[in-house]
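Colleague: Build me a model from this:
(one chain, ligands or ions: 2)
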Amino acid sequence: MIPQNIVFIGAGNMARALIAGLRRQGIAGEQIQVHAPSSAHRDALAEEFGIRSLAATAQSLPANSVVIYAAKPKQISAVLALWRQAFADAGVLFLSVAAGIDSARIAAELNPGSAIVRGMPNTPAQVGAGATALYARDSVSAAQRQTAGFIMSAVGEIYWLSDESLMDAVTALSGSGPAYVLLFLEALEDAAVLQGLDRATARALALQTVLGTAQMAAASTLSPTALRHQVTSPGGTTAAGLAVWEEHLRPLAQRALAAAAERSRALGSPEKDIP
Ligand SMILES: NC(=O)C1=CN([C@@H]2O[C@H](COP(=O)(O)OP(=O)(O)OC[C@H]3O[C@@H](n4cnc5c(N)ncnc54)[C@H](OP(=O)(O)O)[C@@H]3O)[C@@H](O)[C@H]2O)C=CC1
Ligand SMILES: O=C(O)[C@@H]1CCC=N1
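Modeller: Ligands and ions are numbered 1, 2, ... in the order given. The predicted structure follows:
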């Protein structure tokens, strides 16, 4: 179901990516509103995408509105307290992309019967290549589920979860993942410069290698392991490089995802002091 009125709370990176995607999908500018404390930020989005800038907290919203929470996790309680009245309409679908904040907490602070979908997108959404995991509470109707899927599909692939507790792992993998891949790119580039390549060539080759490999893996029916074996000649260069990666990479990946998932759980805990 195509939403008629979409309100963004937050005018940062994720809001911008989603608004761009929705406009690409043909959602009219007047159907989208954005609210954030900084008038400069929300007005800039309004101008760029032809949407409406919402200065004050709305007291009521049209039926079947979708509210997309795209401000920081630590602001969610204050925002819910301010907007609670406007969300009281049973038809409002609340879609939160805040890391760590589970839907039970949102329901407790909003209204136990509220229709709430939790999503975890990632920044490749900026170019329509995002990966978003979604979880819907029981109170979400089939039409609302479809609406949430439509919105997040505007910026890439969607994956529905039936167990919300997996959202911390998803956040650690695909939510934070673009930063890991970018760090990997930086590390490859620096290492290639150490081997004598100029920086521009090192950057271009590293980027095309990661991009091409991801495209190859996505197009193939073979597993990553099988594809890796195709690159690895016995006694060759790849085997020599892989021996070094294998020493550290898997334990590092496990520690990194465990740390990120733990942080996701901490962000969701109102008792913890979140910086
Ligand atoms: N960045 C990422 O890779 C991902 C982020 N997320 C989640 O998305 C959410 C947004 O992240 P991101 O876009 O990166 O953050 P940004 O810092 O880019 O944007 C946050 C926005 O929230 C606004 N804001 C702050 N306080 C309030 C308030 N009281 N009411 C309304 N809006 C407010 C800010 O306003 P102002 O413009 O006035 O400063 C800003 O526009 C977070 O919850 C994050 O966990 C999820 C997946 C990936
Ligand atoms: O770092 C964060 O907390 C957010 C959530 C996932 C990606 N960025």
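Colleague: which residues in the stretch 1-150 of the chain form strands?
Modeller: 6-9, 32-35, 52-53, 66-69, 93-96, 115-120, 130-136 (DSSP state E, counting those that start in this stretch).
Colleague: Next up, the contacts around residue 34.
Modeller: 7-8, 11, 15, 19, 42, 45-46, 51-54 (Cβ atoms under 8 Å, 6 or more residues apart in numbering). Placement of C-beta: from N, CA and C, glycine included.
Colleague: Find the nearest non-adjacent residue to it, please.
Modeller: residue 8 (4.4 Å; Cβ to Cβ, 6 or more residues apart in numbering).
Colleague: What's the local residue count around the closest residue to residue 147 other than its chain neighbours?
Modeller: Once flanking residues are discounted, residue 147 sits nearest to residue 1: 4.8 Å by Cβ to Cβ, 6+ apart. If you count neighbours by other Cβ atoms under 10 Å, residue 1 ends up with 16.
Colleague: picking up where we left off before, just the buried residues of the contacts of residue 34.
Modeller: Applying 16 or more other Cβ atoms under 10 Å to those, the neighbour count classes 7-8, 11, 15, 19, 42, 45-46, 51-54 as buried.
Colleague: possible to save those residues as a markdown table with distance to residue 160?
Modeller: A markdown table is the format used below for those (distance: Cβ to Cβ, whole Å):
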| residue | distance to residue 160 |
| --- | --- |
| 7 | 23 |
| 8 | 22 |
| 11 | 27 |
| 15 | 22 |
| 19 | 23 |
| 42 | 31 |
| 45 | 28 |
| 46 | 32 |
| 51 | 27 |
| 52 | 30 |
| 53 | 32 |
| 54 | 30 |
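Colleague: where's the dip in pLDDT among those residues?
Modeller: Looking at the buried ones among the contacts of residue 34 by pLDDT, the weakest one is residue 54, with 92.
Colleague: related to what we said a few turns ago, check contacts around the residue nearest to residue 147.
Modeller: Contacts of residue 1 by Cβ under 8 Å, 6+ apart are 143-144, 146-147, 150.
Colleague: if you set the cut-off to 10 Å instead, what comes out?
Modeller: 64, 66, 93, 141-150 (Cβ atoms under 10 Å, 6 or more residues apart in numbering).
Colleague: between the buried ones among the contacts of residue 34, which is nearest residue 70?
Modeller: residue 15 (4.2 Å; Cβ to Cβ).
Colleague: Any chance of the backbone angles for the residue lying closest to the closest one once chain neighbours are set aside?
Modeller: Of all residues not flanking residue 15 in the chain, residue 70 sits nearest, at 4.2 Å (Cβ to Cβ, 6+ apart). Note on residue 70: backbone dihedrals following degrees, to the nearest 10 are phi -130, psi 30.
Colleague: Would you mind giving me the confidence score for the closest residue to residue 2 other than its chain neighbours?
Modeller: Among residues not flanking residue 2 along the chain, residue 150 sits closest, at 6.3 Å (Cβ to Cβ, 6+ apart). Residue 150 is assigned 96 on the pLDDT scale.
Colleague: So that it lines up with my notes, have the first residue be 22 from now on.
Modeller: Sounds good: first residue 22 from here, last item residue 171.
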